[in-house]
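Novice: Predicted structure and sequence below. I'll ask about it afterward.
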Amino acid sequence: MNKIEHIGIAVSDLAAASSLYERLLNTKVYKIEDVPSEHVKTAFLQSGPNKIELLEASDSESPIAKFIAKKGEGIHHIAFEVDDIKAEMARLKGEGFVLLNDEPKPGADNKWVCFVHPKSAGGVLVELCQEIS
């Protein structure tokens, strides 16, 4: 894993959260995107080398809707940039981690993504990200 790629924050209202984080970080949202595979709408902000992804559920069955219903708004996941997502998935499986998907899938911000189950990662949902080339 190369670096933290972004921190994902679950929000109920993307427009309100975008405004709040723009003021907090003193920067503008640089991208808003629908991610049908995850049933979310996302907004990205960047502060220096750090990125924040705001996630709003696009339907009631979305993992984000379920997360907010159970835990409320807040930090949802931490994402790590990897060079070879399939190799990293195989390495993690070999180390005993449980992956939420067997193959990488298209995610936000032109990335292949895979999630590591929080029960096998100390209660933290971990996302692997690789740039789609």
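Specialist: That came through, no problem.
Novice: Just the element for residue 18, please.
Specialist: Element membership for residue 18 (DSSP states H and E) is helix 14-25.
Novice: Buried residues, that helix. List them.
Specialist: 14, 17, 18, 21 (16 or more other C-beta atoms under 10 Å). Heads up, the C-betas are built off the backbone N, CA and C, glycines and all.
Novice: show me the contacts for the third one.
Specialist: Going back to what we said before, that points to residue 18. 29, 32, 43, 45, 54 (C-beta atoms under 8 Å, 6 or more residues apart in numbering).
Novice: do the same with the first one
Specialist: The neighbours of residue 14, taking C-beta under 8 Å, 6+ apart as the test, are 32, 41, 42, 43, 54, 56.
Novice: which one of these has the most neighbours?
Specialist: residue 54 (26 neighbours; other C-beta atoms under 10 Å).
Novice: Return the set of residues that bridge with residue 4.
Specialist: Beta-bridge partners for residue 4, by DSSP bridges, are residue 80.
Novice: ok, now how distant is it from residue 128?
Specialist: 12 Å (C-beta to C-beta, to the nearest Å).
Novice: any chance of the contacts of residue 18 in TSV, with secondary structure and distance to residue 75 too?
Specialist: Compiled in TSV, these are given as follows (DSSP: H, G, I helix; E, B strand; the rest coil; distance: C-beta to C-beta, whole Å):
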residue	secondary structure	distance to residue 75
29	coil	18
32	strand	20
43	strand	15
45	strand	15
54	strand	11
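Novice: Closest to residue 77 out of the residues you listed?
Specialist: Closest approach between the contacts of residue 18 and residue 77, by C-beta to C-beta: residue 54, at 12.1 Å.
Novice: Show the contacting residues for that closest one.
Specialist: 9, 11, 14, 17, 18, 21, 29, 42, 43, 44, 45.
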